[in-house]
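Asker: with the input below, show me the fold.
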Amino acid sequence: MPDIPGTRANAGEASRASSGPRSFVPADVSMREMTVKAIVFGLVFSVVLGAANAYLGLKAGMTVSAVFPAAVLAMAFLRPLRGTVLEENIARTTGAVGEALAAGAVFTLPAMILTGVWSEFRYWEATAILVVGGVIGTLFVILLRRPLCDDVSLPFPESVACAEIVKAGQKGRGGAGHVFGAMGLAGVLELFKNPNGLTLFGDYWGRWFAFSPSTVQLVTPAGPLGHPMPHGGGLVLQAPLVSPALMGVGYIIGPRVAAINFAGGVLCWFVLVPLALFFDVGLPAALPAAGGDWQMLAESVWRSTIRPIAVGAMLVGAVATLARMRGSLADGLRRAVSDLRESRVGLAVRGRLDHDIPLPWILAGIGAMTAPMFLLYLHFCGAVSVAAVATLVMLVTGFLFSAVGGYLVGMVGGSNQPISGIALSTLIVAALVMLGLGVTGSPGVAAVLATTAVICCAASLAGGMIQDLKVGRIIGGTPWKLEIAVIVAVVVVGATLVFPMEFLHRGVEGGIGGAKLPAPQAGLMALMSKGIVGGSMAWSLVGVGAALGLVLVLLRAPSPMLVAVGMYLPFETTFAIFLGGLAKWLQDRAASGRGLDAPGRESVENTGILLASGLVAGEAICGVVLAALRIAEVDLPRYGHNPLAGMALIPVVLALIYYVPLRGRRPAA
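Answerer: Predicted structure coming up:
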């Protein structure tokens, strides 16, 4: 397999170089760029990566940046067709749109299902939300391109890394074999373990272990209180999910983040659930309804009691995250406001590398997107004044969070952009506005979720696009051509992204919100919108969770929000993600032990990221296809369901992402 060069070792140098007029393809060079083949391939990549990340977001509550696999796919498909590096850049930028739009979609639109506003995905309403949010986010961030992309204080870590991969690809080291090989392996494993596939083996194993019976006597200073009460309960031991995608996610996010997420799962299933089972002496009475299955009863307690606690902790974690970033947020807002004046220079042609879509066109596009959004809000709430206010909230907060999203991506990279925190902040603002206007019940919930979804898509697209425009700045792409390509991709992906979500909801057992597709962020949005607007919030449990979140903040836990997400996700999910992070940690130690220099270690990491990205894409694409086949009533033969056989495949996947990047590595001479 081809070698992938180091990237982050050269990040500072490349970032400084990209801030000036120099680029990989100089401004005065004429080269094929926005061609039909580049756009078509980019749109195909965008639809595929969007569907893959929709699957991942519903399954694991997170998405992974598409900028790396999109770059590799662009090189792999366009190189044999004699595509130029700028054509590859167009295809990569277009291809990465799917992930950005999927991130905004899966965190919000499934909440329409979970709240009962929709019984199934409504195509035209969902598509309007996706397209309007994506296009508005794109138009907003165009105003910020020059100051953000040219600011040497913003490292743009993922953009610089991607640009280095693209440059190395021009020397024949693209790494496509890693991506496609991992995709094939993950797709085959999904075919054999998915209940809608051939089902040679299972992907989950868990067993109930009961505690020894105990008797608890309540006492006061005056003596015993009441009669001794028998207590029991136990805990559920669960193996990691046989999921190459989740292990790939763990590798990509790294051992520290994976461990923090897993800590939430351990806290939930080894502390909170056993405590709830131990102290609730009425649970044995509910056992017959659960078919005598204590494991099913424990999972029911987790869904009904522990998840609201996790929601409270998520709320505090989101507030703490935004508070920690208050300086960056304020700086991003100042940049957004001041650059409205700066953007006027875009009307003049300042050279190929500085030519954006002109400001009048941007303003006209924002106006064109506002009209359908107003009509959609009017459809949800039925009041012109309320629809007008919701539209105004969408525009103001959308611009604010698009600016913030773009700035934060420049600081920490697209994979670390706090989209869920931005969405939650928007939801609370929109919900309070609806309450102030007297809109309650289902119409208020629908209007709140629609507003949140548009802004979440806008912020996600803004962050993803500024990251891609920075790559284009380093490579030498023409901004207005990249911007046009992104808008085209938003429309195409927005028109198709509803289908994989609908296939998964109807074709996977339990649908969205079930054990297979827990959709944690969407569940949080659903609970918050119904609780604030609909008045059905389990405030006592949420308050307990908020107290837990406060404890984590006071202890200076690395990420209270991520701990809470780990509590909300099934344990087998966080366990699989943790194993991927553990493989990355062991690999880092092995690379250091072999005496590899910094470029060598980065080369190992980049190869691993491409393998992990392929695992994510392969499992996700196969899962979506199998769900669609089930909806079409195409029954594949099933040959068994042995969960222990599935467990044996976990070391195979971990060995792939651990050993392959290290293979043949030797210390630098």
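Asker: ends of stretch 261-278, what's the gap?
Answerer: 25 Å (Cα to Cα, to the nearest Å).
Asker: list the buried residues in it.
Answerer: Using 16 or more other Cβ atoms under 10 Å as the test for burial, stretch 261-278 gives 261-269, 272-274, 276-278. Every C-beta, even on glycine, is put in place using the N, C-alpha and C of the backbone.
Asker: from those residues, which land in helices?
Answerer: Per DSSP state H, helices hold the following members of the buried residues of stretch 261-278: N261, F262, A263, G264, G265, V266, L267, V273, P274, A276, L277, F278.
Asker: one step back: closest one of the buried residues of stretch 261-278 to A612?
Answerer: N261 (15.7 Å; Cβ to Cβ).
Asker: relative to P240, how far out is that closest one?
Answerer: In this view, N261 and P240 are 13 Å apart by Cβ to Cβ, to the nearest Å.
Asker: anything in contact with each of these two?
Answerer: Each of F578 lies in contact with both N261 and P240 under the rule Cβ atoms under 8 Å, 6 or more residues apart in numbering.
Asker: what segments of the stretch 351-500 of the chain are helices?
Answerer: For the stretch 351-500 of the chain, the helices defined by DSSP state H, counting those that start in this stretch cover 359-381, 384-412, 419-436, 441-475, 479-496, 498-507.
Asker: and those helices, which is most packed in?
Answerer: Among these, the stretch with the highest mean neighbour count (mean count of other Cβ atoms under 10 Å) is helix 441-475, at a mean of 29.
Asker: can you give me the angle it makes with helix 384-412?
Answerer: Orientation check (axes from the mean of the first three to the mean of the last three Cα atoms, to 10 degrees): helix 441-475 against helix 384-412 gives 30 degrees.
Asker: tabulate the helices of the stretch 351-500 of the chain (JSON lines), appending distance to Q587 and mean pLDDT.
Answerer: As requested, the helices of the stretch 351-500 of the chain are arranged in JSON lines below (distance: least, Cβ to Cβ, whole Å; pLDDT from 0 to 100):
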{"stretch": "helix 359-381", "distance to Q587": "45", "mean pLDDT": "85"}
{"stretch": "helix 384-412", "distance to Q587": "23", "mean pLDDT": "75"}
{"stretch": "helix 419-436", "distance to Q587": "28", "mean pLDDT": "73"}
{"stretch": "helix 441-475", "distance to Q587": "25", "mean pLDDT": "84"}
{"stretch": "helix 479-496", "distance to Q587": "33", "mean pLDDT": "92"}
{"stretch": "helix 498-507", "distance to Q587": "32", "mean pLDDT": "89"}
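Asker: mind checking which helix or strand R207 is in?
Answerer: Assigned by DSSP states H and E, R207 belongs to strand 206-210.
Asker: remind me what that strand packs against, helices and strands.
Answerer: strand 234-238, helix 294-301 (3 or more Cβ pairs under 8 Å, 6 or more residues apart in numbering; DSSP states H and E).
Asker: for the ones you listed, which one sits closest to Q587?
Answerer: Proximity to Q587 (Cβ to Cβ) singles out strand 234-238 among the helices and strands packed on strand 206-210, at 25.4 Å.
Asker: partners of the closest one, with directions?
Answerer: Next to strand 234-238 in the sheet, as set by DSSP bridges, lie strand 206-210 (antiparallel).
Asker: okay, buried residues for the partner strand please.
Answerer: The neighbour-count check on strand 206-210 (16+ other Cβ under 10 Å) flags G206 as buried.
Asker: all set, thanks.
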